Structure formats: structure tokens, C-alpha cells
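1. Sequence unavailable; structure follows:
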């Protein structure tokens, strides 16, 4: 879980300690640097003693107390309240600073060195307290951030102390300034320590030993018992050896190699301190607050590289030691070589910060609370040992005529050996850090939801979709602990996979060997994180492919959680298997989305094959939900259009119509801006603008033109009656309607247009707009098309995914139509829901004859393909049964949408080869008859997948898919949809379906409250359909609640009656409506196109199939054609009115 480290500074748990240690470190560095500058440039020169020897000796004197007193300090810290001890230590610091003031005033180096020794002792006691109290007050996920701030604060105090101590000690009255500064800092540090919260003693019963030798030996023996702790301490100690060597030699390096004065020394320390601070603060972001050592090997390797380059950069400088006048910081910066030196110091310091912070956090994390301070005391001892050894070795090297740069090179070479050793201990950490650097740099890798990974805990199986050969590397680089990968045995034998086998824990899976599965189960039970790709292969479609139930079985048997991780973006790299199918590029943005862990509890009574099947279905649901939820829903439709253009290429053709006019993304975006610049002047933002147009590319441009400027298109049904059309405009408060003169003439809609105009509704014709376009509209639109994202921010600044994106109107098949306001989020959710279940891509072609005022014609036939890079062929009418099969053949369409009525019509006139290219045909809006399904399967070799939805749900609720389909059902509910069944009196089995989810509408426009959106109650939509749902989640529609007749007290489904009549006479169309009956309440009337239909045949069929006599229509009426709405649904309102007229006429004649 990533934590903002800066928030810690606003808590009492951390801030007082931070201020206390900051002021303490400030005092240390003001005093030490003032003393070093004094020794180097004043006192020792006059005394005739070599300055570099005294500087090295001073460093050793400060370090020596850490070796002598750390053992006692650690025992005290574990025995007592750490906060109380810190207050005592800080009070002693006040006394030491007062003594230091006397030493500075007298310029007594011996006294000052003595004070320096006592300050070292004070720091030796403070160190175990400071690092030991952090885990007492911080949570585990705050340790990296807390230590980063401590280290950054320490080196910031080094920076300030260096500047203040180095600059003031040599100026007039500098000693007085230094004296005042150290005493004030000591007093403030003590006051701050008073606010540190108490910490319970970790081991109050321990006996304190005061023999430094024996206690030091005991602590060293203790820390050696834990390999991780001891190696961590060695790593920290090496860092301080490295850092102390540089800090102690900066004055000599500046004076003898650079020829610089104290300003150059200060500049070096500033650069070094800032670099350490930046590197420390970067750790929390790099490690996402996880206590891991991912970047430690990379950090120490970087330290080596920059130090070696510092040696060569220093040798490029012309020797200046003979110059009598030393250069200042400004003169120093005049040389590019000097800038190179600063860059090396800055780089090695950043790498040092990245290296050290995780080690401190790891030591705190691994040490037992009862011994934590003693562990840090042991760390202090080892640090002291390394630093004293460093001081002695450097003194010996300098005495042997080594130059400072040669000392630096020696340290660099030794650091390289340490880097090799650490890399050998943490090879995966090095590789992981390198992979992270590559992925973050080139692929802008974004990791979302890592808090869910923390929730998963121990027994966890990570499941992910499989897009490319990068997937395993992406997971290895992103998960903060070693993973175990399950891989097919045959894949593992391939030469290009073998190098990866040495870098990760691999379990090869052989389907014929059950022992490999058992090994995986054992690893999961032992707490290993196992990664399995349920698809078992790389996707060839870009979508989810077949999901194997293996991971589900392992989770079931090991009682483990499933952690879904969705990989997106990797399919666009050359490392996928989608070459020739989508537009590939070398460095697309890649995102990993970690979903909440899922428990895998199955009913204990289910066993054997049934249990395995149930596990597989549940795993598939988890995977599809993962695919859906990982998408960005909070986005407007126009933003999705711009994203699609970026992904698939602006020149990619995505639309064509009957006039063979094609549109690329670039053309669609540019023309939308041009047309929108005219339309936006006629309607305010978020006002509804009517579109009365057929399926044409011009309709698409008009739709997105309104989207580009924040207007809401209202898709009017041109097949509706004049009354319904006017009602639609009235309830949605539509004042402007866009249409085409050519369409109005061809569709014989003049009467409807005249009626609109009589209602004071403005009618705009595309032909007129095109003629009146000014050159500046075209120029502005063209410029906007070149910079569409920038332009869109200007044309529609108030972008809101929850705002209405489109208004559709219900079919009115059972009453007056209502306006349905769908938000951008509703439409985005539904298209992503469909995309998570159905494999399609840019190589597909959609043939869309369903009008765009039809909810599926808009979402499934228009928005979904356009946003997915799929070309759509628009045809203006679904009723041209002879023409459409020919055009499907001509356009090489692979996806077709229709209703049972339309599909039956196409099959009647199609050549068996017309549908050769179709992969999937989806049917909805009305019940798919078995005869239609059989005709398409036998004549064309095409399966029809039946779905179900409503305009109010944008529209798809459920759908059969190639992987999960069941005849007679409308498929399983889409991911993200919740449902409940309301029991209906008199209806046995199932209930009325209510649904909720992100695709459920914003609300209705109603005639009694025109212009206002009435939201569904508590977000739940009443479908009005009676359904049954089986134990695998398949929906079976029994009929509309309104389409049940109550006969003799029993509820009879009119849909079920129509269904059995269609089975009896499959080559004809039928509809059943109820009318009032004096004896039984209601009776059934059959309307049919079958001229020989009779009740005797119905009675015989019902008796043969045991359906019950209540299902037999009492009256049969004959028609040439069953009336349908423009959406393809049966027009029951018109039928009921006609039946009432016919029955009234019959009664009149009988009378």
C-alpha cells in the first residue's frame, strides 16, 4: 500500500522525532565542519601539522565512541522508555554545546577534539533510540517513508550544518555565531523531544552490563545468528565506510586537487547531501512503501560507476596545487570538467540514498521488538568498526603518498566487489530493479491497486490475462516479492524461455502428470505466491480466450485466494502475437491493475466433475470481471474516440455506408469539430439536440459533433408515429432537430417534419449547413483535428462522465415511449462489459443495419466497434431482406446484429455463401425462435448468439458467447451487474428481474415532468421481465410481466404460447394478445400469417406436449404481415388496437 511519506510530518508520531534528530544532526555537522575548516585553513597551518592527517584523525575520534558505547546504549534503549531516554540525551547535548563554545572561543583544538569525542558518544546513545523507536510509532507500510525522511533530514541537516559551519567559522565574529547556533539548536532539540510519544520498554527485565568488550561481543554474536540481519548490517556499515571516506576527504580533495577554497568544500557537501536526500525520498515512490530491497543492487552499482568516473574526471583537471590563491565556488563552476565532477558526486549520492533507506527499513522490519535497539546497537558497532577502519586505512594511504583521487578509486573498486557480492545474494532484486527501470522509462508502466495485493496475504494464486511475452517480466518487476510461475512443460523447453528459468522459480506443468499439479498446491499451501495464466497461451485476439479451470482447482484444494491482475497495453507491442491484426508499436503505455482478492469457497456437497465445472465457471467470472473493472469508465465518449485514434492510428478507416463513403478516425474527428462549431451556436451546453437520420456516416459525424461541444444527441425514431415523435421532443425538451432533405424525401417524412415545425421545433438540414459553412469554420475545425485533445478541452471544458451523453426512446411496444438518458459512464460500462466477454478486434467488420435510435444499434453496432478499431458498415434499413445478405457478402462482414424477425428475413433470401465471412451473429430485442437458429446453422454454418437487454441498460444485460452459451437462454449476466428476482403472485418459478450496475441509465424523461431526468429508485431498474436463472447463471425469459394473461385465476405467459405456436408452424409469424373475457377474466387471441391455422391443430399439439388447455388461444385472426416497430420488436400496441376493432366488429355482426 503506497503511503504519502509527507503526511508523516503532520503526525505527532513522527514530527517531534524528526525535528529532534534533524537539530541533533545539524549540531553535529555545524560543530564538525567548523572544526575541520578551522583545522584545515587556520590552526594547523600555523602549527606546522599536515592538515589532512588531523582531518582524518578527527573523523576517527568522532567514530570511536560508537564502537565503545553502542552495546550499553542498545541495552538501555530496550530496557527503558525510548522517548524518555531521548530527552535525557538531548539535555546532555546542551551541556556539550556550551563546552564547545568555550573550545571555539579559545581555539583550543585539543579541547574541541575532546568535545567531538563526547558528541560521538552522545550520538552512539541516540542512534539505537532513533531507529528503534520508529517501528514503535509507525506502521510497517510507513517504514520506508519514515526512514526516507529521516535520512533526507539527516543529510539536509548535513547540508545546512556544512554551509553554516564552513561559511561562518572563518569570518569576523564567526566563532560567536557558531557558538550561538549550536546552543540554540540544542535547546530546540530538547524542547522538541518533550513531545515525542512514550514508547513501551521492549525488554524491561534485562540486566545491563557495563563491560564494553564483553557486551560488544555478546551483541555481535547475537546479530550473527540471523543471516538476513547480519548481511543487512554489513550493507549499512559499508555505506557509512563509503560515505565517511568521501565526507572526510572533501576538504583535501577541494584544496589539493581542485585548488578550491572553503566555498568549494561547501559546494561539494551541498551536492552530496542534496543527492542523498533526493535518493532517500525517491525510495518510497520506487518501492511503493514496501519493505523490500529491490533497488539496493542497482544503487550500489550506480555508486561504483559514478565514483570511477569521478576519478577520471579529476585527472582531467590541470594541477593547481602550486597556486597561491585558491578559487571560489563561482570560478569553480566556469569549467565543464568541474560540472562533470559535480554530476558524479550528485549521481553517486542519489544512488547512495536509494541503496541505504531500504536497508534500514529492512533491519527494523526483521529485528524482533524485544531486541530491536540492541540490533541497532550492533549496527552502530559494525558501522564504527568499518568507519574507524576507513579512517585508519585512508590515513595510511595518504601517508604512503596516495593522492585523494587514488583513494577514491580504491574505494570504487572495493565498492564494485561489494556490489558483485550483493548482486549474487539478490540476483532477482537486481533484475527486478532493472526491469522496473526499463518498463517505467520506455513503457510508462503504471501499477494500480497494489493495496489489494497486501490484502491477499499468504496463500495466494495470482491470475492474469496473457497478452504478450512481456507478461511474466511485467509481473516479476511489479510484485514486491519473488514469484513462482507455472509454465507448460513444452513451452519451458523452448530456447528463448530457458534464460528466464534461471531468473525465477518455475514449476513446469505437464497435463499428463498429476504430480506437477500437486507440487503447485504444496507451494501455495506453504505461502508462496504462484502465478498462473488461466488462458494457458498468448491471446490471438487481444481479448480473453478460453479459460482453463486449473487455477481454480488449485485454489480450491489449497484453500487459497485468487488475486486477479489485469495487464493492458502489452498487446500493442511486437512481443504479442497480434501482428497484422492491430497496430503495433515499440513502446505503448502498459498498465497493471490489481483487483481485490477473491475467495474460492464452493459448496462442500458438490464433488467430482461438477465441482471442477463450477470452479471453472467461477474462475471465468472472476477473469471477465477483472477485464471489465480494469477499464477506465470515467471518460466521455469523445475522449474515447480520441484514445481509439491514438491506439489504432488516425488513418485507420472505421466507417463506411451504402454510398461507399468511408471515414477514418482523422476525418471523423476533424469533421466533428467543423460541424460542431456550427451546431454549438444553436444550442446551449448539455441541451438535447434531436437527430433524425438513418445509418450513414453523416449521422456518425453529427453524433460526435454534438459530443465534441458538450451537447446531447437525442436519437429520434423516424419510424414512429407523428404523435410519438412530438411526444419524444416534448418530454426531452428538444428544440432543434438535425436531419437531411434527401432522407426526408426518400423516407416520406415530410408530414413529420411539418408537424415538428408547427410545434416551434427548428429543423436543420445537413445540406444547408454544408452549403453555408464559412472558410473559418473549416480552418478552425482542421486545426482542432490536428490537436484534438487540446481543442476538446476548449470546446467542452466541463467534461463529466456522469453527465448525459445521449437520449434514446423506448420502443413503445406496450405503451407510450419514454426518454432514456444514458450517461457517458453507462455507455462506456456496457461496451466494456461486452468487450470482456466477446473476442473481437480491428480485423473484424461490423455490418450494422439496426438504426442508431435502437439502443443496440448505437452501443453494439456503432460505439463499441468504433472505440475498438473495428470498421462498421452502416446500412439505413434492416428491412431490406434481399439487399442486406448481398452487402454482408460484399463488405466481408464478420459481425452481424439483428432481431429474430430480421434474421429470418435475411435467411429467406440469402445465398448459402453470402454469410461466409461471418464469425458471430447476435440476436436480441425479441425471442429467438428455434427455427431461426436451426436455419442459420444448417444453411449458413453460423451460430446465432441470443442476448437480452433494454434501452435503460445501455442496452446489453446478458448474452450467449462462444465460450458460454446455452440454447433457449439469453446467456449469463454481464460483469458488474447485480440482480434480484421479485416474486410475482400466480407465476411459478422465477420472478420479475430487477438489475443495478454501472450501465443502468441516469433516468427517464417523462411527459408529466418534461425536461427533468427521473432516476431509477436507488439505482435499481425494473425490467418488467419474468425470468428464471439456473445454477450456472443462465437467464431464461418466461415473458414480460405485462405479457401474462390471467385466465381462470392462473397466470399464462403469452411469450410461451407464441413460442410453442412457432414450433408448431415455424415458417410463419405469430403473435398472441389477451382480451377481456366475461367468464374467465381474459382470453387469448392468436394473430398469424398462417392461412391454415386452426384450433384443432393447436389442441392436438398442446395435448401431445402436456402444456395445458389454458395455453390454447380461443380466437384466431389472420393477417398478411405482423406489424413491427423500427427496432424489430412486434408492435403489440397496434395489434391490440386492431384485435379490439376486429372483435368489436364480430360482436356487432353476431348481435
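-> Perfect, thanks for sending it. Predicted, not measured: the structure shown is a model, and the values here were computed from it.
2. Please, which helix or strand holds residue 970?
-> Under the criterion DSSP states H and E, no helix or strand holds residue 970.
3. And the helix or strand containing residue 213, what does it pack against?
-> Taking DSSP H and E as the criterion, residue 213 maps to helix 212-225. Packing partners of helix 212-225 (3 or more C-beta pairs under 8 Å, 6 or more residues apart in numbering; DSSP states H and E): helix 51-79, helix 227-252, helix 372-399. Every residue, glycine included, has its C-beta placed from N, CA and C.
4. For residue 687, which of the ones you listed is the nearest?
-> helix 227-252 (65.1 Å; C-beta to C-beta).
5. pLDDT averaged over the closest one - what is it?
-> The average pLDDT for helix 227-252 rounds to 82.
6. Break down the stretch 651-800 of the chain into its strands, ranges please.
-> Counting by DSSP state E, counting those that start in this stretch, the stretch 651-800 of the chain has strands at residues 653-657, 662-664, 688-691, 712-715, 736-739, 762-765.
7. Can I get the ones you listed in JSON lines including mean neighbour count?
-> Below are those laid out as JSON lines (neighbours: other C-beta atoms under 10 Å):
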{"stretch": "strand 653-657", "mean neighbour count": "21"}
{"stretch": "strand 662-664", "mean neighbour count": "18"}
{"stretch": "strand 688-691", "mean neighbour count": "24"}
{"stretch": "strand 712-715", "mean neighbour count": "25"}
{"stretch": "strand 736-739", "mean neighbour count": "24"}
{"stretch": "strand 762-765", "mean neighbour count": "17"}
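8. I'd like the ones you listed laid out as TSV, including mean pLDDT and distance to residue 950.
-> Listed next are these as TSV, based on pLDDT from 0 to 100; distance: least, C-beta to C-beta, whole Å:
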stretch	mean pLDDT	distance to residue 950
strand 653-657	92	26
strand 662-664	92	30
strand 688-691	92	21
strand 712-715	93	16
strand 736-739	92	25
strand 762-765	90	30
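9. among these, which is nearest residue 876?
-> strand 653-657 (7.9 Å).
10. tell me what that closest one is packed against?
-> The contact analysis (3+ C-beta pairs under 8 Å, 6+ apart) places strand 653-657 against strand 662-664, helix 665-679, helix 697-708, helix 864-867, strand 871-874.
11. how far out from the middle of the chain is it?
-> Centre-to-centre, strand 653-657 and its host chain are 32 Å apart (C-alpha atoms, centre = their mean, to the nearest Å).
12. From the rest of the structure, what touches that strand?
-> With C-beta atoms under 8 Å, 6 or more residues apart in numbering as the test, strand 653-657 has contacts from 644, 648, 662-665, 668, 695-697, 700, 865-866, 869-876, 891.
13. can you check stretch 1120-1134 too?
-> The contact list for stretch 1120-1134 (C-beta under 8 Å, 6+ apart) reads 717-720, 811-815, 850-851, 853-854, 878, 898-902, 925-926, 1043, 1069-1071, 1073, 1087, 1089, 1135.
14. What's the per-residue pLDDT of the closest residue to residue 694 other than its chain neighbours here?
-> Leaving aside its chain neighbours, residue 694 sits nearest to residue 876 (3.6 Å; criterion: C-beta to C-beta, 6 or more residues apart in numbering). As predicted, residue 876 sits at a pLDDT of 91.
15. likewise residue 521?
-> pLDDT for residue 521: 79.
16. For it, which residues are in contact?
-> Each residue near residue 521 by C-beta under 8 Å, 6+ apart is listed here: 554, 557-558.
17. SS state for it?
-> Following DSSP: H, G, I helix; E, B strand; the rest coil, the label given to residue 521 is helix.
18. With residue 1142 instead?
-> Three-state call for residue 1142 (three-state DSSP): helix.
19. That one reaches residue 1117, doesn't it?
-> Yes. Judged on C-beta atoms under 8 Å, residue 1142 makes contact with residue 1117 at a distance of 5.8 Å.
20. And the helices in the stretch 951-1100 of the chain?
-> 1054-1064, 1095-1105 (DSSP state H, counting those that start in this stretch).
21. The stretch 151-300 of the chain now?
-> So, for the stretch 151-300 of the chain - with DSSP H, counting those that start in this stretch - the helices run 174-193, 212-225, 227-252, 262-287, 296-315.
22. and residue 860, which of those is closest to it?
-> helix 262-287 (42.1 Å).
23. Tell me what angle that closest one forms with helix 296-315.
-> 160 degrees (axes from the mean of the first three to the mean of the last three C-alpha atoms, to 10 degrees).
24. where does this structure have its least confident helix or strand?
-> When each helix and strand of the chain is scored by mean pLDDT, DSSP states H and E, helix 44-47 comes last, with a mean of 47.
25. count of neighbours near the closest residue to residue 796 other than its chain neighbours?
-> Spatial nearest neighbour of residue 796, excluding adjacent residues (C-beta to C-beta, 6+ apart): residue 710 at 4.0 Å. Look at residue 710: counted by other C-beta atoms under 10 Å, it has 23 neighbours.
26. Would you agree residue 915 is in contact with residue 940?
-> Yes. Under the criterion of C-beta under 8 Å, residue 915 makes contact with residue 940 at 4.5 Å.
27. deepest of the helices of the stretch 151-300 of the chain, which one?
-> helix 262-287 (a mean of 23; mean count of other C-beta atoms under 10 Å).
28. so it versus helix 227-252, what angle?
-> Using the same axes, to 10 degrees: helix 262-287 against helix 227-252 is 160 degrees.
29. Show me what helix 262-287 packs onto, helices and strands only.
-> Contacts defined by 3+ C-beta pairs under 8 Å, 6+ apart place helix 262-287 against helix 15-38, helix 143-168, helix 227-252, helix 329-332, helix 336-366.
30. hmm, try it at 6 Å
-> Here helix 262-287 touches helix 143-168, helix 227-252, helix 329-332, helix 336-366, going by 3 or more C-beta pairs under 6 Å, 6 or more residues apart in numbering; DSSP states H and E.
31. helices or strands up against the longest one?
-> This points to helix 336-366. Counting contacts by 3+ C-beta pairs under 6 Å, 6+ apart, helix 336-366 is packed against helix 143-168, helix 227-252, helix 262-287, helix 296-315.
32. can you rerun that using 10 Å?
-> For helix 336-366, the elements it packs on are helix 109-137, helix 143-168, helix 227-252, helix 262-287, helix 296-315, helix 329-332, helix 372-399, helix 404-425, judged by 3 or more C-beta pairs under 10 Å, 6 or more residues apart in numbering; DSSP states H and E.
33. quick one, domains of this protein?
-> The chain is divided into the following domains under automatic domain parsing: 9-197+219-425, 433-629, 637-992, 1048-1150.
34. And the ones you listed: which comes nearest residue 1016?
-> Comparing those against residue 1016 with C-beta to C-beta, the closest turns out to be domain 637-992 (7.5 Å).
35. ok, which stretches of the stretch 451-600 of the chain are strands?
-> With strands called from DSSP E, counting those that start in this stretch, the stretch 451-600 of the chain shows them at 460-464, 484-488, 505-509, 529-532, 561-568, 591-594.
36. quick one: average confidence on the fifth one?
-> Mean pLDDT, taken over the full extent of strand 561-568, equals 89.
37. just how off-centre is that strand within its chain?
-> So, by C-alpha atoms, centre = their mean, the centroid of strand 561-568 is 11 Å from its chain's centroid.
38. could you check the angle strand 460-464 makes with that strand?
-> Using the same axes, to 10 degrees: strand 561-568 against strand 460-464 is 20 degrees.
39. Output the helices and strands packed on helix 262-287 in TSV, with distance to residue 97 appended to each entry.
-> TSV is the format used below for the helices and strands packed on helix 262-287 (distance: least, C-beta to C-beta, whole Å):
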stretch	distance to residue 97
helix 143-168	13
helix 227-252	21
helix 329-332	29
helix 336-366	27
